[in-house]
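> Here is a sequence together with a model predicted from it:
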Amino acid sequence: MTDHPRIIQGGMGVAISGWQLARAVSRRGQLGVVSGTCMNAVFAQRLQNGDVGGHLRRAMEHFPVPSIAEDILQKHLNAHRASGRSAVRGVPMFTLEASDDLLKLTVAANFCEIFLAKEGHDGVVGINLLEKVQLPNLASLYGAMLADVDYVLMGAGIPREIPGVLDKLARHETATLKLYVEGGMNDHLIVGDQPASEEDPRIVFDPKHLFGEQLPGMIGHAELRVTDQPLRRPKFLAIVSSDVLAQVLVQKASGRIDGVVIENDLAGGHNAPPRGTMQLTQSGEPIYGHRDSANIEKVRALGLPFWLAGDFASPEQLSAALALGATGIQVGTDFAFCEESGLDKNLRDETLDELSAGEVPVFTDPRASPTGFPFKVVQLPGTLSEQAVYEDRPRLCQFGFLRQAYRDDRSSQKKNGRIGYRCPGEPMTNYLRKGGTLEDTAGRKCLCNALMANAGLAQEQSSGYIEKPLLTAGNSLARLKHYLKNGSLTYTASDVIDYLLS
Ligand SMILES: Cc1cc2nc3c(=O)[nH]c(=O)nc-3n(C[C@H](O)[C@H](O)[C@H](O)COP(=O)(O)O)c2cc1C
């Protein structure tokens, strides 16, 4: 247990915890975690924008199958729109029948992110993926494993199939995941363990089909070779909100779980919904009660290393966590606003500026996320947190990462009907045409586009509309003030680690 790092820098999508942040944390002997969410789109857009700094090309030189790396560079490097508009292109939405090109792009994107995070030091690096963004996950995991990722962290659902998937991918074997169709995705999180129906299809990823029989072998950064050696199986940490879910996972997982992160409702990003029917405060935030707090005694009784997350970013909280038997803490918000974070610099400066002058409220929005999970939104003027700003936005769906699979009832064979994909954030008429309800669309926001904009990858539409950001942070945002001493408006990942260990 003592081999694990004490501090986990939590994975933060989209591209907020990128390789620069993860590398800075890992260099300090803690666990730096990159977010793999939407990484194929992020990677393609960065290449299309000319790969500023040449980092992706440097990483791609080490991709185990050079011909695939060349094809990807040929297609995407400097392939920005002729009109100069900034928007990614040539990255179709994921479906069960994702093309080989899309899968290869996803493998390469995650490979590069981990490769760069691991470059130049011996520290450990992890990748964070969301169970609910299911379709790209197998390709993302394989790409990260090709770059020798040390840890995989997954939450937002019960990732019980992932441990077995990691075992298979390490042997370059075909891995599959059950796709949650219809309401299954939300239900299984709330209820705890409601498996998708037996009729649900499986997502299939076959490394041999994509890369041939001469499969990429385990790599050291100095010497890369193509062999049929197995890959190193990363450690797997599940992120859950309760001891009950932790227990379910330990009992039912398809393979080894190396630890759990227990994340409460104060954490930035998505939060698990409260148990039972959701009740709201007068201002419209979900009410969490004692039933929503994890029983740490029971977590400890599982005998696995565990970390606590959600407003734990202080030396006192770290000590308290250790006293409860935790291996350490996972911290997000403090790292999200440091210099190495992938957050757009203007947004970061503006938030820290506002914070140093006064308060920046964080609202737990029960409706904003198309996933149906509460999502923490920083109330920053000019961003999509303002209703008027959101209403000015053309409703569209460009990436579709949060689309929910559903069975298309219009199909003639009802039982084995065609699988369709819909998102309550997409244009209303499309959503309703696909059988979605109006009620479901109320208050929903387009997180894919907004989160890309947070990372400086705003999509510009042909109408000229440039996507606006929608920031997320934990309830501890106000505490970041203590990093801003002597008029400084910036701090580093090292400052965070020094503070936490002080
Ligand atoms: C900007 C931001 C984005 C986040 N994105 C993700 C994510 O993509 N996946 C995830 O598992 N957790 C995500 N989180 C949660 C963090 O990994 C971490 O668990 C949490 O922030 C810890 O609580 P704290 O914010 O109080 O430190 C995010 C948090 C923030 C602040």
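Now that the structure is in, tell me what you want to look at.

> List the buried residues for stretch 340-356?
Buried positions in stretch 340-356, judged by neighbour count with 16 or more other CB atoms under 10 Å: 340-344, 347-348, 350-352, 355. For glycine as for every other residue, the C-beta is placed from the backbone atoms N, C-alpha and C.

> Tell me the one among those residues nearest to the ligand.
Set against the ligand, the nearest of those by CB to the nearest ligand atom is L343 (7.3 Å).

> pretty sure G143 contacts F111?
Yes. Taking contacts as CB atoms under 8 Å, G143 lies within contact range of F111: 4.2 Å.

> What are the boundaries of the strands in the chain?
7-9, 32-35, 125-130, 151-155, 175-178, 202-205, 235-240, 259-263, 306-309, 328-331, 362-365, 375-378, 404-407, 419-422 (DSSP state E).

> could I get the last one in PDB with only the CA atoms?
Taking C-alpha atoms only, strand 419-422 is exported to PDB below (Å, rounded to 0.1, in the frame of the first residue of the first chain):
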ATOM      1  CA  ILE A 419     -29.100   1.400 -32.100                       C
ATOM      2  CA  GLY A 420     -29.400   5.200 -32.300                       C
ATOM      3  CA  TYR A 421     -27.600   7.900 -30.400                       C
ATOM      4  CA  ARG A 422     -29.100  11.000 -28.900                       C
END
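
> Residues contacting that strand from elsewhere in the structure, which ones?
93, 95-96, 179, 181, 201, 400, 403-408, 430-431, 434-436 (CB atoms under 8 Å, 6 or more residues apart in numbering).

> For the buried ones among these, write the corresponding PyMOL selection.
Selection of the buried residues among the contacts of strand 419-422 in PyMOL, burial being defined by 16+ other CB under 10 Å:
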select buried, resi 93+95+179+181+400+403+404+405+406+407+431+434+436
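
> Among the contacts of strand 419-422, which are located in helices?
Among those, the members found in helices (DSSP state H) are 430-431.

> residues from the stretch 201-350 of the chain in reach of the ligand?
Residues of the stretch 201-350 of the chain found near the ligand (CB under 6 Å from any ligand atom) are 239, 263, 266-269, 309-311, 313, 330-333, 336.

> The ligand contacts on this protein?
Going by CB under 6 Å from any ligand atom, the residues of the chain near the ligand are 10-13, 16, 35, 37, 128, 130, 155, 239, 263, 266-269, 309-311, 313, 330-333, 336, 472-474, 476.

> The one residue in the stretch 201-350 of the chain that gets nearest to the ligand - nearest residue in space that isn't next to it in sequence?
For the stretch 201-350 of the chain, the residue closest to the ligand is G332, as judged by CB to the nearest ligand atom, at 1.9 Å. Spatial nearest neighbour of G332, chain neighbours left out: G10 (3.8 Å); criterion: CB to CB, 6 or more residues apart in numbering.

> Quick check: the one you found touching I16?
No. Using CB under 8 Å, G10 is not in contact with I16; the gap is 9.7 Å.

> the bottom helix or strand of the protein by mean pLDDT?
Sorted by mean pLDDT, DSSP states H and E, the helices and strands of the chain end with helix 184-191, the least confident at a mean of 37.

> what are the phi and psi values for T277?
When read as degrees, to the nearest 10, the backbone of T277 gives phi -70, psi 140.

> gap between it and P424?
As defined by CB to CB, to the nearest Å, T277 lies at a distance of 20 Å from P424.

> Looking at these two now, which is surrounded by more residues?
P424 (26 against 6; other CB atoms under 10 Å).

> Could you export stretch 31-50 as PDB, CA atoms only?
Extracted in PDB, the C-alpha atoms of stretch 31-50 (Å, rounded to 0.1, in the frame of the first residue of the first chain):
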ATOM      1  CA  LEU A  31       0.400  10.700  -9.300                       C
ATOM      2  CA  GLY A  32      -0.200  13.000 -12.300                       C
ATOM      3  CA  VAL A  33      -3.300  12.000 -14.200                       C
ATOM      4  CA  VAL A  34      -4.200  13.100 -17.700                       C
ATOM      5  CA  SER A  35      -7.700  13.100 -18.900                       C
ATOM      6  CA  GLY A  36      -8.400  10.900 -21.800                       C
ATOM      7  CA  THR A  37     -11.900  12.200 -22.300                       C
ATOM      8  CA  CYS A  38     -12.500  13.500 -25.900                       C
ATOM      9  CA  MET A  39      -8.800  13.200 -26.500                       C
ATOM     10  CA  ASN A  40      -9.200  12.200 -30.200                       C
ATOM     11  CA  ALA A  41     -10.900  15.500 -30.900                       C
ATOM     12  CA  VAL A  42      -8.400  17.500 -28.800                       C
ATOM     13  CA  PHE A  43      -5.500  15.800 -30.500                       C
ATOM     14  CA  ALA A  44      -6.900  16.300 -34.000                       C
ATOM     15  CA  GLN A  45      -7.500  19.900 -33.400                       C
ATOM     16  CA  ARG A  46      -4.100  20.500 -32.000                       C
ATOM     17  CA  LEU A  47      -2.500  18.800 -35.000                       C
ATOM     18  CA  GLN A  48      -4.800  20.800 -37.400                       C
ATOM     19  CA  ASN A  49      -3.700  24.000 -35.600                       C
ATOM     20  CA  GLY A  50      -0.100  23.200 -36.500                       C
END
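
> Thanks a lot, see you next time.
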